[in-house]
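S.K.: got a sequence here, can you build the structure:
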Amino acid sequence: MTFGKKTDPNLVALIDSLKAASREKGAAVWRDIALRLEKPSNNWAEVNLSKLERYANEGDIIVVPGKVLGAGSISKKLTVAAFKFSDSAAKKIEDAGGRKLTIPELVRESPSGRDVRIMG
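M.R.: Residues are numbered from 1 along each chain as shown. The predicted model follows:
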């Protein structure tokens, strides 16, 4: 394995599609997320629900370039997109009335990246 090269074909495809979406739509947010996902995975964001509860507002669209973890509780209806979710985090987001999306699903829903906030 070559150091610094991503070997997961799904991740490589995601990074390429994010960069393409950024160029096509002029949305710098997708390029920013792609660059964060290119870093070694041990440097990726890990965001607990307590952080989402503290810093996000009701109805926000949040993207986490990494993993959402289930520590803490959440009461706000948020749309959260991430590369991965722990099972408990996914359940708590949906139980609070929010939505859990993959990053490609969010790009399809909001290609311009308007009102998307990066957390992590």
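S.K.: what residues does Tyr55 make contact with?
M.R.: Residues near Tyr55 by Cβ atoms under 8 Å, 6 or more residues apart in numbering: Met119. For every residue, glycine as well, the C-beta is placed using N, CA and C.
S.K.: what about it, distance to Ile118?
M.R.: Applying Cβ to Cβ, to the nearest Å, the value for Tyr55 to Ile118 is 11 Å.
S.K.: the helices in this structure, which residues?
M.R.: 9-25, 28-38, 49-55, 87-95, 103-109 (DSSP state H).
S.K.: deepest of these, which one?
M.R.: Among the helices of the chain, helix 28-38 has the highest mean neighbour count (mean count of other Cβ atoms under 10 Å), at a mean of 19.
S.K.: give the burial count for the residue nearest to Ser75 when sequence neighbours are not counted, as a bare number.
M.R.: Residue nearest to Ser75 in three dimensions, not counting chain neighbours: Ala96, with 5.7 Å by Cβ to Cβ, 6 or more residues apart in numbering. Counted with other Cβ atoms under 10 Å, the neighbours of Ala96 add up to 16.
S.K.: now distance to Ile74 too, for the helices of the chain, in JSON lines please.
M.R.: Output for the helices of the chain, formatted as JSON lines (distance: least, Cβ to Cβ, whole Å):
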{"stretch": "helix 9-25", "distance to Ile74": "25"}
{"stretch": "helix 28-38", "distance to Ile74": "22"}
{"stretch": "helix 49-55", "distance to Ile74": "5"}
{"stretch": "helix 87-95", "distance to Ile74": "6"}
{"stretch": "helix 103-109", "distance to Ile74": "18"}
